[in-house]
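*Asks:* got a predicted structure here, sequence first:
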Amino acid sequence: MSETKKMALIASQGTLDWAYPPFILASTAAAMDMEVQIFFTFYGLTLLKKEIKAKVAPQANPSMPMKMPFGPKGFQNINWPMPNILMGNVPGFETMATSLMKKTFKNKGVATIEELRDICLEAGVKFIGCTMTMDVFGFDKDEFIDGVVVGGAATFLEFAVEADIQLFI
């Protein structure tokens, strides 16, 4: 009989596009009977808030394709004629890109961030909120969903050092 595999993830980003990977990987690993912990630090800590307000940040993602399959039919695959850095600075573009990405995810049957987060909790994924980040940004544990463990890097590293998979996202 083999030992249970372990996966340790660090979630350090809170934008919509960076919110998906830790929850998708964690829920998939848990479904594969792995023991999973996610350490939420810096901007990733906002993913533990009761209400997630994650947005797309094109100016922070130079790899964002100029052609995205966003939005309603007939408007998909529009080739944006300006550089990404400008798109991120156009008033309202972040809100529009966020809305279109969420609509596309919904149309493709992709679960929301909140749904994926709930699936992780139901599957026994352990969420650790970084105490240092909480202190630096002025967060209180009451702002987070139920089930979050508050701890420092050492709390997470005790698990991560023995994990079969360690990922920084």
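*Replies:* Cool, got the structure.
*Asks:* give me phi/psi at I113?
*Replies:* Main-chain dihedrals, I113, degrees, to the nearest 10: phi -60, psi -50.
*Asks:* and it, how far from S27?
*Replies:* Look at I113 and S27: by C-beta to C-beta, to the nearest Å, they are 11 Å apart. For glycine as for every other residue, the C-beta is placed from the backbone atoms N, C-alpha and C.
*Asks:* also V148?
*Replies:* From V148 to S27 the distance is 16 Å (C-beta to C-beta).
*Asks:* of these two, which one has the most company?
*Replies:* Legend: neighbour count by other C-beta atoms under 10 Å for V148 and S27, higher for S27 (22 against 18).
*Asks:* next, the buried residues of whichever strand or helix holds that one.
*Replies:* Counting by DSSP states H and E, the element that carries S27 is helix 16-31. By 16 or more other C-beta atoms under 10 Å, the buried positions in helix 16-31 come out as 16-20, 22-30.
*Asks:* now whichever helix or strand comes after that helix: average pLDDT?
*Replies:* Beyond helix 16-31 on the C-terminal side, the first helix or strand identified by DSSP H and E is strand 35-40. Averaging the model's pLDDT scores along strand 35-40 yields 98.
*Asks:* strand 35-40 packs against which elements?
*Replies:* With contacts defined as 3 or more C-beta pairs under 8 Å, 6 or more residues apart in numbering; DSSP states H and E, the packing partners of strand 35-40 are strand 6-11, helix 16-31, strand 126-130, helix 153-160.
*Asks:* quick one, which of the ones you listed gets closest to I38.
*Replies:* strand 6-11 (4.5 Å; C-beta to C-beta).
*Asks:* tilt between the closest one and strand 126-130?
*Replies:* Using axes from the mean of the first three to the mean of the last three C-alpha atoms, to 10 degrees, the direction of strand 6-11 lies 40 degrees away from that of strand 126-130.
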